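1. Just need the structure, nothing else, for what follows:
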Amino acid sequence: MKMSAGTPFQFLDQDLLLLPQKAIYWAQQNALIVTDVHFGKVGHFRKAGIAIPRNMEQDDLAMLSDLIYEHRPEKLIFLGDLFHSDMNNDWDWFVLWRSQFPKLEIILIKGNHDIISDKHYTNLGIVLHKRLVMGPFLMLHHPLPDPETKDEDGYVLCGHIHPGVSLVGRGRQKVTLPCFAFGKHQAILPSFGKFTGKVAILSRKADKVFGVLTDKVIAIS
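-> Residues are numbered from 1 along each chain as shown. Alright, predicted model coming up:
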């Protein structure tokens, strides 16, 4: 099934495709980049006795599969918070999903929620990093402490804060969209997972902001 087209964005001499599924396809590395998937969050709440529809997790895995079949990447890069908490039954779904793509290189930049023992990831052939330099980019989970200060290792791609941008219509209708926010020294990606809570409105002006709609990504600034 053909998926929605993304918005091409050439940045630092790299060809990026900003996708409405809240992911980036990076042509030069033939890589998909996503952040803040939070697999296991449904299982975490259900384990605590809170009724949450289980298919939320499966929907996110299905979306990842669709992106892989569409773009045929060699690499899948998670910018942290891949699994939400400690081990629960949702891990079995993730193991099954991983078995469908045995040749896909998967890289995880560990986030604050990635507390499961490293051996569970390495057993699935997932490579772990705290920070990783690829081309002109430095892959992190947390944004820079000071967005005005550049990291010497490269331009930062990160997640963590689930960024959003607020738009006001002619009739004063207000909507908050997930967004890709490219600043002077870092870009913050929107959270991929459906069950990740509300987005945080950007508190600092970014040089380029792209809002995410259901079927397209639009340039806002």
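2. Can you name every helix or strand that the host helix or strand of residue 63 contacts?
-> Using DSSP states H and E, residue 63 sits within helix 55-71. Judged by 3 or more C-beta pairs under 8 Å, 6 or more residues apart in numbering; DSSP states H and E, the packing partners of helix 55-71 are strand 23-26, strand 31-34, helix 41-47, helix 90-99. No exception for glycine: its C-beta is placed from N, CA and C like everyone else's.
3. thought residue 154 was touching residue 137?
-> Yes. Applying C-beta atoms under 8 Å, one finds residue 154 in contact with residue 137, separated by 5.3 Å.
4. neighbour-wise, which of those two wins?
-> Ranked by neighbour count (other C-beta atoms under 10 Å), residue 154 and residue 137 place residue 137 first, with 24 against 20.
5. does the more buried one really touch residue 158, like I thought?
-> No. With contact defined as C-beta under 8 Å, residue 137 does not count as touching residue 158 (10.0 Å).
6. the longest strand in this protein is where?
-> If you go by DSSP state E, the chain has its longest strand at strand 174-182.
7. Dump it to CSV, keeping only the CA atoms.
-> The C-alpha trace of strand 174-182 is given here as CSV (Å, rounded to 0.1, in the frame of the first residue of the first chain):
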residue,chain,number,x,y,z
LYS,A,174,-6.5,26.8,17.9
VAL,A,175,-4.7,23.6,17.1
THR,A,176,-1.4,22.1,18.2
LEU,A,177,0.5,20.0,15.7
PRO,A,178,3.5,17.7,16.3
CYS,A,179,6.4,19.2,14.5
PHE,A,180,10.0,18.9,13.3
ALA,A,181,11.9,21.9,14.7
PHE,A,182,15.3,22.8,13.1
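8. If you count neighbours, what's buried in that strand?
-> For strand 174-182, the neighbour count (16 or more other C-beta atoms under 10 Å) marks 177-182 as buried.
9. Mind putting those residues into TSV with distance to residue 123 and pLDDT?
-> Formatted as TSV, the buried residues of strand 174-182 follow (distance: C-beta to C-beta, whole Å; pLDDT from 0 to 100):
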residue	distance to residue 123	pLDDT
177	38	91
178	32	92
179	35	93
180	33	95
181	35	94
182	36	96
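10. for this structure, what helix or strand is lowest in average pLDDT?
-> Counting by mean pLDDT, DSSP states H and E, the weakest-scoring helix or strand in the chain turns out to be helix 41-47, with a mean of 44.
11. Need the nearest residue in space to residue 118, chain neighbours excluded.
-> residue 128 (5.8 Å; C-beta to C-beta, 6 or more residues apart in numbering).
12. secondary structure class for the one you found?
-> Under DSSP: H, G, I helix; E, B strand; the rest coil, the three-state class of residue 128 is strand.
13. quick one: it and residue 98, what's the gap?
-> As judged by C-beta to C-beta, to the nearest Å, residue 128 and residue 98 stand 14 Å apart.
14. which one of these two has more residues nearby?
-> For residue 128 versus residue 98, neighbours defined as other C-beta under 10 Å are more numerous around residue 98 (17 against 14).
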